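Participant: Test case, fold it:
(3 chains)
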Amino acid sequence: MQRLVSTRNFAFGYTLESAQPLTFYSDYAIGGGLLTFPYQKSIVSLRYRGDNKSGSFYLERSTGKSVFGREEASYLFRLGDDMERIYESISTDAFMIAAIEKYRGLRLTRNDPWVTTLTFIISQFNNIKRIRRIVKLLIERYGTDINDSSGMPVGKGFPDMETLSRLSVKELMECGTGFRAGYIKEASRYFTENVDLYKLEGKSYSMIKDALIGARGIGDKVADIIALMGYGKLEAFPIDTWIKRTVEKVYFNGHGKTVKEIHRFADERWGELAGYAQQYLYWHGMHSL
DNA sequence: ACCCAGGCGGGCG
DNA sequence: CGCCCGCATGGG
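Facilitator: Numbers count the residues shown, from 1 in each chain, chains lettered A, B, ... in the order given. Alright, predicted model coming up:
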């Protein structure tokens, strides 16, 4: 078993469970430190040995045609981020300090833009367990085939957007997508025919967000989370029901605030690292308030 | 039975 | 703009 990379300030369990794309489509056993997921044209199994302070990733198995090594692991889990510097910067108050204390090592992940787009269109007005179920059904039924070097099938990857755009709403609903079926179909077509998600890489946060919101089924929150987790824009601050609830309660004495006001508040308070602050607020707020 | 879930689109004032 | 409503579905 090949050792890929060592970690510091990395919490395997929190990172995988905290409702990021990997939560929705990978199989993980927190205790055993095992993680299996489709990666491009391969199925990859990683083993994590260590605790929330330090550890190492090992490549247990990789079957298929894509390479997954040290560089990919480091990129996926943002192991290059200087967490001490980030913690220092976002430790603005007692609630944030408590969140960091409790969930130290929770990382944002980097994800494919299309994977992030699809999973978070599905996430709306939904819960984590059901999101997992829907995503896995889509992969199972409409995912791209992944074969080993001799052509033997080893699993399924993410369904590509052309495939989904050609499905009927009925077929999409039979995967449990509910009222989101139309959104999936139309957004798939939009990103196939009108806007190339992969040409947005490297553009500014606001350009990316505007381009994403042009698609049906993507609003302010989903666009922000795609910018954050699919394009690595750390200044993005996705505002879902939990974040709204938490920010109002912790910072405004429970008084209602508009999404616009919360965006301004987060930008002034956490600026370029608002996305990291958001992930800690979300996870700590959801479990403690 | 009832309530809710990492929201969005549409209609209204 | 801000506010309100309906939306499919499965789990608690």
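Participant: Contacts only, for A:Phe24.
Facilitator: A:Thr119, A:Ile122, A:Ser123, A:Ile128, A:Ile131, A:Arg132, A:Val135 (CB atoms under 8 Å, 6 or more residues apart in numbering). Any C-beta I mention is one placed from the backbone N, CA and C, and that applies to glycine too.
Participant: Tell me the residues of the stretch 1-150 of chain A that contact DNA strand C?
Facilitator: A:Phe125, A:Asn126, A:Asn127, A:Lys129, A:Arg130, A:Arg133 (CB under 7 Å from any atom of the strand).
Participant: If any of those are buried, give me the ChimeraX selection for them.
Facilitator: The buried residues among those can be selected in ChimeraX (16 or more other CB atoms under 10 Å) with this line:
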select /A:126,133
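Participant: Which strand in chain A has the most residues?
Facilitator: Ranked by number of residues, the top strand in chain A under DSSP state E is strand A:54-64.
Participant: What pairs with that strand, parallel or antiparallel?
Facilitator: strand A:2-8 (antiparallel), strand A:42-50 (antiparallel) (DSSP bridges).
Participant: re earlier: which of the contacts of A:Phe24 count as buried?
Facilitator: Using 16+ other CB under 10 Å, the buried ones in the contacts of A:Phe24 are A:Thr119, A:Ile122, A:Ser123, A:Ile131, A:Arg132, A:Val135.
Participant: Also near DNA strand B: which of those residues, exactly?
Facilitator: A:Ser123, A:Ile131.
Participant: For the buried ones among the contacts of A:Phe24, give me TSV that also has pLDDT and secondary structure.
Facilitator: TSV is the format used below for the buried ones among the contacts of A:Phe24 (pLDDT from 0 to 100; DSSP: H, G, I helix; E, B strand; the rest coil):
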residue	pLDDT	secondary structure
A:Thr119	98	helix
A:Ile122	98	helix
A:Ser123	98	helix
A:Ile131	98	helix
A:Arg132	97	helix
A:Val135	98	helix
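Participant: Quick one: residues in contact with the helix or strand A:Glu101 falls within.
Facilitator: Assigned by DSSP states H and E, A:Glu101 falls within helix A:94-103. For helix A:94-103, contacts defined as CB under 8 Å, 6+ apart pick out A:Ala11, A:Tyr14, A:Tyr87, A:Ile90, A:Ser91, A:Val250, A:Ala277, A:Tyr280, A:Leu281, A:Trp283, A:His284, A:Gly285.
Participant: Surely A:Gly182 is within a helix?
Facilitator: Yes. Membership of A:Gly182 in a helix is supported by DSSP: H, G, I helix; E, B strand; the rest coil.
Participant: In space, what's closest to it - neighbours in sequence excluded?
Facilitator: Once flanking residues are discounted, A:Gly182 sits nearest to A:Val169: 5.7 Å by CB to CB, 6 or more residues apart in numbering.
Participant: Now do the contacts for the one you found.
Facilitator: The contact partners of A:Val169, by CB under 8 Å, 6+ apart, come to A:Ala181, A:Gly182, A:Lys185.
Participant: Relative to DNA strand B, how far out is it?
Facilitator: 15 Å (CB to the nearest atom of the strand, to the nearest Å).
Participant: One more: A:Leu46?
Facilitator: Taking CB to the nearest atom of the strand, one finds A:Leu46 at 20 Å from DNA strand B.
Participant: give me the beta-bridge partners of that residue?
Facilitator: A:Leu35, A:Leu59.
Participant: I figured it was touching A:Ser56, is that so?
Facilitator: No. Contact between A:Leu46 and A:Ser56 fails when scored by CB atoms under 8 Å: they sit 10.3 Å apart.
Participant: overlap in contacts of these two?
Facilitator: A:Leu4.
Participant: Settle it for me: which of these two has more neighbours?
Facilitator: A:Leu46 (25 against 16; other CB atoms under 10 Å).
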